Structures are given as structure tokens and as C-alpha cells.
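Novice: generate a structure from the sequence data that follows.
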Amino acid sequence: MTSYKMVSVTKNIRYKVYNKFVQILESAEVRKSLGSRMEGLVADDDKRFMARLLRHKDHGMSRLELTFYAMRRCGKKGPTTSSPMVAVHIPAKKVFAYCHWWNSVTSKKYGYMWKNIGSKLVPLLLANYSFNDRPIHYIKVKVDDAGVVEIISEKVYERESGCTAITLVAGKTKGMFPSRDTCEGLVYEFSEVGIVEHKNISIGWPEKKHSKKSRPLAVLVEKPTSDSHEGYVRWMKKPHSTLFTAGYNILVPGTEYTVVAAGLADFRGNSYWHLVTECGLKVKAGKSLEGIWERWRGQYRGDNGRVLIHQIPKMRCLAERKVRTRGVFDMKCVLVRTYTVLQN
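Specialist: This is a model prediction of the structure:
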């Protein structure tokens, strides 16, 4: 909050009252346009500062700044606005950056940027740093020698429906895989300093150490470009197999399921279809379920013979019974009916 008071014909006093919590969140290190200090709320080495934060958590903490300067005309500034989450990857330079929100007044963007990030690591970062029930715009770009940026591709992803996983922010030393037990000194929960869950969004760090080999915090699905695609199966970007369970261990005999998302991933040297049902089950398809899925999606091919990934209607199937063939368990599944997609 800023106000002015005239003390003479030629002098003014500018009053600035800072919300200390907000100031910390939006302060980029060394005044960079992309950055944050959110980790300072839970893992700051200054114990006196942490004590003040906890003491004023319920009622807030402000800082008053007075500036004396010659009178001049000031232009109006617009309000703070926010934008959808954005992630940018430059494959040739192996640079990855994410932005959780943008302040139109200060031009500060809350997020961070890392180097030496290959394409294989990007899906994990997208899953860990995205919000529940919010889109993430993923943009791949290339930069020529003159610094001109060209967009290679742009896609929109979101976490699977019903996801309640936390959203990561960069660690105390700006690491991309922060955890509470790897931080030296006292580390608080974000909720302890007032950063609480809001509309299914929870900022946090995992309790235990994790790395690029760990499973993602959430499953990402590609978001339809319009409402007209709501009746179609969504495509998962490189699903992590450890989040999925073999069909015979999770599907209930006699129950019908609707497949709403699908993706291929390797498991123990073989490639398997990984499916998500409308009720939220994550299924690693066995031979029977894979067979009816292949027949189902095979009906939707373009003129070049390729399956049209984004034009496959949701598939409804019935789990009949658990079977065992040559020592291998499976869930026998059958297609029960087509899923009708209404089009204008």
C-alpha cells in the first residue's frame, strides 16, 4: 500500500506498507524477473526471522517504509493479475523454466529456471510442479544465434481428475527435488507459516528424499483443446509405471469401467498400456484388457493409417473374472458397449 503526504511545496513523503509474507513470496533473488523466496518461509537460516514469522502468522506482519523525495507526477499502475501456469523448455540448450504466477505491477514472475534439463526429465517436472485442477501450458521453443525465439510446439496438460497431491516449489538451495529431511537445520511445514491448502492447491515438500528416478507426484493427461473433445480419451505424457497397478489386482469382477486416459510406458523391459478409469483407478493393462483396447482404438485411424489419438471415444468395458494362463495372472475383460460422442 502506497500513499503520499505533502510536507512543503517542493517535498513529499511516500509511505509504503509492505505485507511481509507477500513481499517474501514475490522477491526474486538479485532482483531477477523470474524467481522467488518461498523456501525462506520454512527453511531460513535466520532463527530470529523464523520466530517472527511464526509469531505473526495469525495476524500478519507488515513493514513500513518512508521515502523523502522531490515532488513529481506519478503515473497510475494497474492491479496485480495472475496467469495460468506456464513451463518452457529449450531442448537444444537444455533449459527448463516454470512460472506459477505473474505480478503485472512488479513484473515479477514466481518460478524458477534450471539448466542441463533433458527432454526425458521434463514430464517429471511438469507433474511435480503443476497444480491440481489447473492447466499447465507446456511450450517447447528454439532460439537462434540472434536470440530470436520460435515456438516448436505448445500443449496443455493437467493432473488427473480428483488428484490431491502437493505442488512443489524449488528447494532451499533452488534444487528441483526438495525434501524436508535433506534440508539442514529446522524446517517447518508450509502450513505452519500460513501457506495452507486452498481450493485443492497445497504447496509443500515431500518428507523423504526423492530424485529424478522417483515416481511423479501426479499423473498428467493432455487437456482437450475444446469442450467438444470431452467425450474422448485423453493422452498421458509418459506415465510412470509405479503409479499403476496390474489389472488383476485392482479391477473388481462384475464391474464396468470407463477408460478416460491412456498412455504407453515400459515396465521390466516390455511396453504396456497404462489406463485411467473414470472412477480414478490407474490400471496397468494385462493381455485381455490390452487386446480390447487395441481393437477399440484401431477403429479410429486417419487416411495415413495412423490411429487418431485425440479422436478415440472413451471405452467402456466389463471386468469378468481373474484368470491364470501358464502361471501368469490376468483379468478377463470384454467390451460392453460403445461410448457415444455427440457432435454438432
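Novice: which SS state does Ala43 fall under?
Specialist: coil (DSSP: H, G, I helix; E, B strand; the rest coil).
Novice: how many residues are close by it?
Specialist: Ala43 has 20 neighbours, counted by other Cβ atoms under 10 Å. All C-beta atoms are positioned from the backbone trio N, CA, C, and that covers glycine.
Novice: could you do the one 4 residues further on as well?
Specialist: Lys47 has 10 neighbours, counted by other Cβ under 10 Å.
Novice: tell me the contacts of it?
Specialist: Residues counted as contacts of Lys47 (Cβ atoms under 8 Å, 6 or more residues apart in numbering) are Leu186.
Novice: with the one 3 residues further on instead?
Specialist: Applying Cβ under 8 Å, 6+ apart, one finds that Met50 lies in contact with Asp44, Leu186, Tyr188.
Novice: state the distance from it to Leu186.
Specialist: Applying Cβ to Cβ, to the nearest Å, the value for Met50 to Leu186 is 7 Å.
Novice: now swap in Leu251 and tell me
Specialist: Leu251 sits 46 Å away from Leu186, taking Cβ to Cβ as the criterion.
Novice: neighbour count: those two, which is higher?
Specialist: Neighbours per residue, other Cβ under 10 Å: of Leu251 and Leu186, the larger number sits with Leu251, 24 against 11.
Novice: gap between that one and Lys322?
Specialist: From Leu251 to Lys322 the distance is 9 Å (Cβ to Cβ).
Novice: which neighbours do the two share?
Specialist: What both Leu251 and Lys322 touch, as defined by Cβ under 8 Å, 6+ apart, is the set Met331.
Novice: so what's Glu150 bridging to?
Specialist: Lys142 (DSSP bridges).
Novice: pLDDT at it, what is it?
Specialist: Here, the pLDDT recorded for Glu150 equals 89.
Novice: that one: what's it in contact with?
Specialist: Counting by Cβ under 8 Å, 6+ apart, Glu150 touches Val141, Lys142, Val143, Asp144.
Novice: report pLDDT for the closest residue to Asp44 other than its chain neighbours.
Specialist: In this structure, Asp44 finds its nearest non-sequential neighbour in Met50, 5.4 Å apart by Cβ to Cβ, 6 or more residues apart in numbering. If you check Met50, the pLDDT there is 73.
Novice: what about the helices in the stretch 101-250 of the chain?
Specialist: 122-129, 247-250 (DSSP state H, counting those that start in this stretch).
Novice: single out the most deeply packed of these.
Specialist: Most buried of these, by mean neighbour count (mean count of other Cβ atoms under 10 Å): helix 122-129, with a mean of 21.
Novice: can you list the domains in the chain?
Specialist: What automatic domain parsing lists as the domains of the chain is 2-70, 85-193, 224-337.
Novice: ok, back up a step: if you rank the contacts of Glu150 by neighbours, which is first?
Specialist: Sorting these by how many neighbours each has (other Cβ under 10 Å) puts Val141 first, at 17 neighbours.
Novice: which residues does that one contact?
Specialist: Val88, His89, Ile90, Val149, Glu150, Ile151, Ile152.
Novice: what do you get for Ser214?
Specialist: Contacts of Ser214 (Cβ under 8 Å, 6+ apart): Phe177.
Novice: what sits up against the longest helix seen in the chain?
Specialist: When the chain is scanned for its longest helix (criterion: DSSP state H), the result is helix 287-297. Residues outside helix 287-297 that contact it (Cβ under 8 Å, 6+ apart) are 233, 247, 251, 259, 262, 272-273, 275, 283, 285, 307, 312, 315, 317, 323, 325, 330-335.
Novice: could you list the low-confidence segments of the stretch 101-250 of the chain?
Specialist: Applying pLDDT under 70 to the stretch 101-250 of the chain flags residues 104-106, 224-230.
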